[in-house]
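Trainee: What follows is a predicted protein model with its sequence.
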Amino acid sequence: MSQSVASLDADVLILGAGAAGGAAAFHLAAAGHRVLVLERDGNERIKPCGGGMAASVQQWFPFPLAPAVEEVIRRVDFSWCLSDPVVAELPGSAPFWIVRRERLDQLLLEEAMAKGCRIERGFGVDDVQRDGEHWCVRSTDGRTVRGRAVVIANGSNSPWPARFGLGPSSLHLASTTSVRLQGRGSLQPGAARFEFGLVHHGFAWAFPIADGVNVGVGTFIGRQADSSDTILQQLLPDLGFPSDAGLRQTASLRVWNGHERLDGDGILAVGDSASLCDPFLAEGLRPALMSGCEAATHLNRWLRGECSDLRGYSIGMRQRWGDSMAWGRRIAQVFYRFPKVGYQLGVKRPTAPQRIAQILSGEMGYGDIAQRVIRRLLLQRR
């Protein structure tokens, strides 16, 4: 038996209070909809992931994101097995921001709440069911809330996209280890570090934050062949830290793996839940924010009766993100199988830093460079 709209807990139930969920919550609340965010964690938790995102994401929000920005990156240092360095100055028109993830998430939520959004913390989602024309979400402790629509935004470990047939049927998982370090070590102000060679089928990164550094190790083809601890024992001293330093977290990250629908009957998947992470550079924040904003646009129209379904969201994300990621996946498959060749012919090419900056800023997609890059790598292997 369906309920009246007035008796529902919200127009939109958002599962997860991360970047994607927060972006969707703000725009939906600003459009006048009743929004309820359901967050598993009772308190803020440290997120030592890289936190890098293009400054161009600011265009999607009417409030400044600067309070969450802790470093503006204008130089990237590359290395191969801790040697053979390449220094790339990023163009002034395309700076890269480093944010403290927990602060960015909180900023988005605060802005959403200022527009009337509500948040329920300590709400671990146990079940999601379609109930007539509405959705019913039950917590692990038995609480139940109801809404007209659901946004799945609770990360790579979410079971709900698969249950409702959203996103790729065959997941492509990257193995990652993230480390939060106190102090800056040898990392220079305004500089980020990428290390190739130490990580089999992947790379390591070091991004500065205000009082520390976020270090990560990621493998993007198959499982991590070498222990991340072994890699960190070599990498951390090179960055000026003890080999056993830092707060560490391991995770399996869903990366983009094909064009699939991200919408259903009053339900959408965004961010990591939708497997939107860049399969080559592991960029996750920009697609998370992009998808949250895109989801809000289409949900707003659907809730107002201006469209009969949410298919426009899947189409929009394919055009804005997926088409480029299809080429990014092809580059990754070649580059990470022949990483030394990729480093020599890709990273060390004079035009590479500008191209990487343009891709990260959204000024250029992988399709603009993919055929030349793949042909160059394959020809060199022959």
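Mentor: Thanks, I have the structure now. Residues are numbered from 1 along each chain as shown.

Trainee: which non-adjacent residue is nearest the residue nearest the centre of the chain?
Mentor: The centre of the chain sits closest to Gly284, judged by CA atoms, centre = their mean, with a distance of 2.0 Å. Nearest non-adjacent residue to Gly284, counting by CB to CB, 6 or more residues apart in numbering: Cys277, 4.4 Å away. In short, each C-beta sits where N, CA and C put it, glycine included.

Trainee: Please give me every residue in contact with the one you found.
Mentor: Ala174, Leu253, Arg254, Val255, Trp256, Glu283, Gly284, Pro287 (CB atoms under 8 Å, 6 or more residues apart in numbering).

Trainee: State the distance from it to Met325.
Mentor: Distance, Cys277 to Met325, using CB to CB, to the nearest Å: 9 Å.

Trainee: now do Trp97
Mentor: 21 Å.

Trainee: So for those two, which sits in the more crowded spot?
Mentor: A count of neighbours by other CB atoms under 10 Å puts Met325 above the other of Trp97 and Met325, at 28 against 23.

Trainee: Can you tell me how far that one is from Pro95?
Mentor: Counting by CB to CB, the gap from Met325 to Pro95 is 23 Å.

Trainee: could you pull out the strands for the stretch 151-300 of the chain?
Mentor: Secondary structure of the stretch 151-300 of the chain (DSSP state E, counting those that start in this stretch): strands located at 172-182, 191-196, 202-209, 212-219, 247-255, 267-269.

Trainee: What average pLDDT does the second one get?
Mentor: Averaging pLDDT along strand 191-196 yields 93.

Trainee: returning to that earlier point: next, show the common contact partners of Cys277 and Met325.
Mentor: With CB under 8 Å, 6+ apart as the test, Cys277 and Met325 both reach Trp256.

Trainee: Would you double-check that Tyr313 falls in a helix?
Mentor: Yes. With DSSP: H, G, I helix; E, B strand; the rest coil as the criterion, Tyr313 is assigned to a helix.

Trainee: Tell me if I'm right that it and Ala295 touch.
Mentor: Yes. Counting by CB atoms under 8 Å, Tyr313 does reach Ala295; the two are 5.7 Å apart.

Trainee: between those two, what contacts are shared?
Mentor: Shared contacts of Tyr313 and Ala295, counting by CB under 8 Å, 6+ apart, come down to Leu268.

Trainee: Compare the two (neighbour count), which wins?
Mentor: Between Tyr313 and Ala295, counted using other CB under 10 Å, Ala295 has the larger neighbour count: 33 against 25.

Trainee: If we ignore the residues flanking it in sequence, what's nearest Asp141?
Mentor: Asp141 sits nearest to Gly124 (CB to CB, 6+ apart), 7.6 Å away.

Trainee: What of Asp41?
Mentor: Arg121 (6.8 Å).

Trainee: wouldn't that neighbour be in contact with Arg45 here?
Mentor: No. Applying CB under 8 Å as the test, Arg121 and Arg45 come out as separate, 11.3 Å apart.
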